[in-house]
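In: sequence first, then the predicted structure, then my questions.
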Amino acid sequence: MKTRNGFVSNSSTSSFICSVCGEEYVGQDASPGDFDCSECPNGHIICNDHLKDIEELPPLTKNGCKHEFDRTKSKFCAECGEPATVEDEDEDDDFSLSERNCPVCRFEIYAEDEMASYLERTRDVTRVEVFAKVKAINKRRRKLYDSEYISHVCEKFSLTDDTLMAELKSKFKTFDEYYKFINSKKG
């Protein structure tokens, strides 16, 4: 049996990528907060510099009747007339950004890995087809990046970021519905 003396570390490298700008942050046993980033419950990482530019939604009020309404605009529930009571949103201490205020969960911007999965399920363009075109240009390439796949599909179908986000907003009521769709078996 080997015995180690002195400082022994079981630390691991953590890396995070901002969903807005794509900047990668790497550190030993790090969390998003160590890099001045926030994370929502769905795992989207956003640089706090970008969050300054994003409009934060007012907190929801949930009262005993389980209706939700904006307490800054109304002191009583429009559906049942109950007075507003302030409750904390369902946020874990592990997350510093609520789902309501995450621009990815609100369909204002997209995470490339999720959008690539969405386009694979909704457009008739395979990754193999796109990679063959990339490989024809650069034979040394071993990987197709999500951004390349998205760019190719958008060019083929004349899609813009705005039209993609409008499509998601019209098709899915919540991020959870979208997430289930992109992670379902293609069929």
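Out: Cool, got the structure. Residues are numbered from 1 along each chain as shown.
In: tell me which stretches of this structure form helices.
Out: In the chain, the segments counted as helices under DSSP state H are 48-51, 112-122, 127-137, 146-157, 161-171, 175-182.
In: give me the average confidence score over the first one.
Out: Confidence over helix 48-51 (mean pLDDT, whole number) is 78.
In: which helices and strands sit right next to that helix?
Out: Secondary structure elements in contact with helix 48-51, counted by 3 or more Cβ pairs under 8 Å, 6 or more residues apart in numbering; DSSP states H and E, are strand 37-39. Bear in mind the C-beta positions are built from the backbone N, C-alpha and C, glycine included.
In: just give me how far the strand it packs on sits from the chain centre.
Out: Between the mean C-alpha point of strand 37-39 and the mean C-alpha point of its chain there is a distance of 11 Å (Cα atoms, centre = their mean, to the nearest Å).
In: identify the residues contacting it?
Out: Strand 37-39 has contacts (Cβ atoms under 8 Å, 6 or more residues apart in numbering) with 16, 18, 25, 32, 45-48, 51, 94-97.
In: ok, 10 Å please
Out: For strand 37-39, contacts defined as Cβ atoms under 10 Å, 6 or more residues apart in numbering pick out 16-19, 23, 25, 30-33, 44-51, 94-98, 101-102.
In: and S12, which of the helices of the chain is closest to it?
Out: Closest of those to S12 is helix 112-122, at 21.4 Å (criterion: Cβ to Cβ).
In: can you point out the buried residues in the closest one?
Out: Of the residues in helix 112-122, those buried by neighbour count under the rule 16 or more other Cβ atoms under 10 Å are 112, 114-120.
In: with stretch 39-52 instead?
Out: The neighbour-count criterion (16+ other Cβ under 10 Å) identifies 39-42, 44-47, 50-51 as the buried residues of stretch 39-52.
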